[in-house]
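Chemist: Sequence and predicted model, in that order:
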Amino acid sequence: MELRIGVLGPGWIGREHIERINNRLRGGKVTAIFGNDRERREKFASLFGLKPFDSSEALISSPEIDAVVVTSLDTYHEEYVLQAIRHGKFVFCEKPLATTSEGCERIMEAEIAAGKKLVQVGFMRRCDKGYRQLKRMLDARTFGEPLLAHCCHRNPDISGVFNTAMVAENTMTHEIDAMRWLLGEDYATAQLILPKKASNARDDMHDPQILILSTTSGVHIDIEAFVRSGYGYDIKCEICCDRGAISLPEPSNPLVRTNFARSVEIANDWSVRFHDAFDAELQEWLDATRADEVVGPTAWDGYVTAKTAVTASKSRENGGTIERIELMERPALYMQ
Ligand code: ISE
């Protein structure tokens, strides 16, 4: 049975997911769209042959919809995910799950009351081939115990609403989730430092930023985020172990020689750099949903990431103090 999918959020990543589900993946078809902006949702309806709904509740509750994909502004994620749980619909929610850890707790409470997991969070790095290679080596302890990790998350620029807090609470959430998944352990502390401000940083925003996390076993991770780097979408991850260091493979783009110089293209945005990871992530979500289960990152993963990110913001507001990350007790529904 092909899943009939409703998308909530007619923006850039919503378009990406509609095109991948309807053109490249199997087992689902996007048939409906909602967005607060009537003109945008009508445009998507016309562009992709979708049924436009005039409210999220009408789309999510519709008997014509089997599952939903949330690609809206972060501020609407909690509302739409709670509506999906209320109607017993599987939901793929782009990161972050919610803009606060309390919002993630409300989502977990709703899933616990429903008696089953329905939510997958869009931490797509877990589906990237290179990150999965790193995880296989770390799980096998090929080079001994991991000790340190160095991450780099550079955007060429940012668009729309963006502020200092979002560098940790939106952008860095990818590394916060990925490193916890790679290392297989939770975090103990967060410390967010504001280095020298970039010359082209927006007046209302500090850029770049460095987040230092420690894990419960003592691994220390530094995450640089530079969201207006101006040169490309550049993602790095190196993990230093007892007997060696492993690094995320660079994308295999051709080496060009011309005009007495050599160059290799750097991606200009996330949709290019992680195109295959997004495809794998949504295909695995479609397959799991048709099997009536959640196999990817859960609401608990969304909660831990949100709690870590807001603790990083607390550190920043306190001038770069080392703050303990206090998690709630893990509910039984989310035990491995
Ligand atoms: C965006 O939402 C993403 O997920 C990108 O991967 C990240 O680089 C960007 O900073 C975020 O705003």
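Modeler: It's in.
Chemist: Would you agree residue 211 falls within a strand?
Modeler: Yes - counting by DSSP: H, G, I helix; E, B strand; the rest coil, residue 211 is located in a strand.
Chemist: need the contact list for it.
Modeler: Residue 211 makes contact with 168, 172, 175, 176, 190, 191, 192, 193, 222, 223, 225, 312, according to C-beta atoms under 8 Å, 6 or more residues apart in numbering. C-betas here are computed from N, CA, C, even on glycine.
Chemist: what helix or strand is the fifth one on?
Modeler: Which is residue 190. strand 187-193 (DSSP states H and E).
Chemist: Now that strand: buried residues?
Modeler: Buried residues in strand 187-193, defined by neighbour count with 16 or more other C-beta atoms under 10 Å: 187, 189, 190, 191, 192.
Chemist: Then stretch 248-255?
Modeler: Using 16+ other C-beta under 10 Å as the test for burial, stretch 248-255 gives 248, 251.
Chemist: picking that back up, got CSV for the contacts of residue 211, with pLDDT and distance to residue 15 too?
Modeler: Putting those into CSV (pLDDT from 0 to 100; distance: C-beta to C-beta, whole Å) gives the following:
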residue, pLDDT, distance to residue 15
168, 96, 27
172, 97, 25
175, 98, 25
176, 98, 26
190, 98, 34
191, 98, 37
192, 98, 33
193, 98, 36
222, 98, 34
223, 98, 29
225, 98, 25
312, 98, 30
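Chemist: I'd like those residues laid out as JSON lines, including distance to residue 306.
Modeler: Formatted as JSON lines, those follow (distance: C-beta to C-beta, whole Å):
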{"residue": "168", "distance to residue 306": "11"}
{"residue": "172", "distance to residue 306": "12"}
{"residue": "175", "distance to residue 306": "14"}
{"residue": "176", "distance to residue 306": "9"}
{"residue": "190", "distance to residue 306": "12"}
{"residue": "191", "distance to residue 306": "18"}
{"residue": "192", "distance to residue 306": "15"}
{"residue": "193", "distance to residue 306": "21"}
{"residue": "222", "distance to residue 306": "20"}
{"residue": "223", "distance to residue 306": "16"}
{"residue": "225", "distance to residue 306": "16"}
{"residue": "312", "distance to residue 306": "11"}
